[in-house]
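**Q** next come a sequence and a model predicted from it.
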Amino acid sequence: MSQHRFCDGMKRRDFLKVGALGTSLGLADYLRLAHAGEVNPKAKAKSAIYIRLGGGPTHMDTFDMKPEAPEEYRGNLKPIKTNAPGVEICEKFPLLAKCADKFTLLRGVSHTLAAHELGSKYMLTGNRPLPSIEFPSIGSVVAKELESPHDMPPFVAIPNTQQGGGFLGLQYGPFSTNAQPKIGVPFNVRGIGLQGGMTLTQVDRREKLLASVDTTFRDIEAKSDVLTGLDGFSEQAYAMISSRRARDAFDMSRESPEVAKRFGDGEMNQSALLAVRLIEAGARFVTLTTGSWDMHNDIWTRLDKSLPMVDQTVSALLTTLAERGLLESTSVIMTGEFGRTPKVNARGGRDHWPRAMFVFMAGGGMKTGQVIGASDDKGQGPANEAITPDDVAASFFHSLGIDSHKEYQTNTGRPVMISRDGKLIPKLFA
């Protein structure tokens, strides 16, 4: 995996480590800790995909362009019209321009946290970070609230993600692939396949042995959140490695060459295809992360590579979900931790700028083909009332039928709302 560093010295690999403990979970460990929560019968969407543009993508050169602004603000790229009336996006997005009727852009999204880690926590949880509490990620809330098939992990991170279960505990953290698929190369997730020539008969023998050992810990299990449901999760781990559904979902070679080609051969491209396959198989939340958006210098050269990748990946994802009848039942969101400075710096780049950013949303019964909110004429801040990360999260949860004001309790008994300050964005559902 790339060792790209963000400007504050964080390695991309460190940035993507799972949860507050910085630990990766194997399949059996993960399944011993993860289980489904409540089923909301009014849910409009049944699953979700979160596309994470780590590092802070520029809003001025992507989905919130300012062609009339002074030259030092507007940059080198030009806007183009889309198939949604009145909606313009960057010229590097010709494929997305043809399917703009399938998504909505939020502009003038704003907050005040200009550091990568804090901005990321805010966007990934829908709660402004506090030193006294670790909020769960949006994916962890979805994993808790929406029931998933017994033989599929409810929350999958490709390759991994910064934010885990927070105060909900590791049982709602992500199952990380720790790798990204590549076209033409068999993709293997440790624990899903039977490695080293191991047969299901041998696994069955091991399961029986573990079951006998597990009885030793039953007294401890009754007192430990970590060991709660140990026997049940051992059973689910076995169900997954013996499940054709799970193995087939992760087996990228089973995808049609035509669809695989549509996505392209980059790691982000194929990760998006894997996300579609996992949603189709019953996963409730899939997040895919791509870094390298921290563009303090030489931004135009770097965007020449990054923007076409996003164009092909996201247009293919929306098209394929729609073809398979999954777009209405899958909420999609794409964003980073903040935008970038409206004024180009002396190094030909843009710096951190949380006062204005974009959020891309699609599917899940949301009204699409529109722009909600606006930034001012130079992209420096909201033109009118700001849309906050809390509002984005509350609306995203609403599309999934989850009440963002529902209260959870921490392990100390403290009541905490899912998104304490989030308000619904009415125009998303008008």
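**A** Thanks, I have the structure now.
**Q** pull out the buried positions in the top helix by length along the chain.
**A** As assigned by DSSP state H, the longest helix anywhere in the chain is helix 299-323. Across helix 299-323, burial judged by 16 or more other C-beta atoms under 10 Å covers 299, 302-303, 306-322. For every residue, glycine as well, the C-beta is placed using N, CA and C.
**Q** stretch 383-391 too?
**A** In stretch 383-391, counting by 16+ other C-beta under 10 Å, buried: Ala386, Ile387, Thr388, Pro389, Asp390, Asp391.
**Q** quick check: Phe396 touching Phe360?
**A** No - checked against C-beta atoms under 8 Å, the pair Phe396 and Phe360 is beyond contact range at 11.7 Å.
**Q** more crowded one of the two?
**A** Phe396 (29 against 21; other C-beta atoms under 10 Å).
**Q** could you list which residues are in contact with the more buried one?
**A** Applying C-beta atoms under 8 Å, 6 or more residues apart in numbering to Phe396 gives the contacts Ala48, Gly126, Ile138, Ser331, Ile333, Met361, Gly364.
**Q** what does Ala114 give?
**A** Phe338, His352, Trp353, Pro354.
**Q** next: Asp298.
**A** By C-beta under 8 Å, 6+ apart, Asp298 lies in contact with Arg347, Gly348, Gly349.
**Q** quick check: closest non-adjacent residue to the first one.
**A** On the basis of C-beta to C-beta, 6 or more residues apart in numbering, the spatially nearest residue to Arg347 that is not a chain neighbour turns out to be Asn297, at 3.9 Å.
**Q** state the three-state secondary structure for that neighbour.
**A** coil (DSSP: H, G, I helix; E, B strand; the rest coil).
**Q** ok, it touching Asp351?
**A** No - counting by C-beta under 8 Å, Asn297 does not reach Asp351; the two are 9.8 Å apart.
**Q** shared neighbours of these two, anything?
**A** Asn345.
**Q** which residues does Gly365 contact?
**A** Lys44, Ala45, Glu328, Ser399, Phe429.
**Q** how far away is the second one from Lys102?
**A** Computed as C-beta to C-beta, to the nearest Å, the Ala45 to Lys102 distance reads 14 Å.
**Q** looking at these two, which one has more neighbours?
**A** Ala45 (25 against 21).
**Q** for the more buried one, which non-adjacent residue is spatially closest?
**A** Gly364 (3.5 Å).
**Q** for the one you found, grab phi and psi.
**A** phi 60, psi 30 (degrees, to the nearest 10).
**Q** now do Leu95
**A** Dihedral angles for Leu95 - degrees, to the nearest 10 - are phi -70, psi -40.
**Q** with Ser47 instead?
**A** phi -160, psi 170.
**Q** list the beta-bridge partners for it.
**A** Listed beta-bridge partners, Ser47: Thr330 (assigned using DSSP bridges).
**Q** count the residues that sit near Met65.
**A** Per other C-beta under 10 Å, the neighbour tally for Met65 reads 22.
**Q** over to Ser140?
**A** Ser140: 30 surrounding residues under other C-beta under 10 Å.
**Q** now the residue lying closest to it once chain neighbours are set aside: phi and psi?
**A** Nearest residue to Ser140, sequence neighbours excluded (C-beta to C-beta, 6+ apart): Tyr172, at 4.0 Å. Tyr172 adopts backbone torsions of phi -110, psi 10, taken as degrees, to the nearest 10.
**Q** let me see the contact set for Tyr172.
**A** Contacts for Tyr172 (C-beta under 8 Å, 6+ apart) come out as Ala34, Pro136, Ser140, Val141, Ala143, Lys144, Phe155, Gly164, Gly165.
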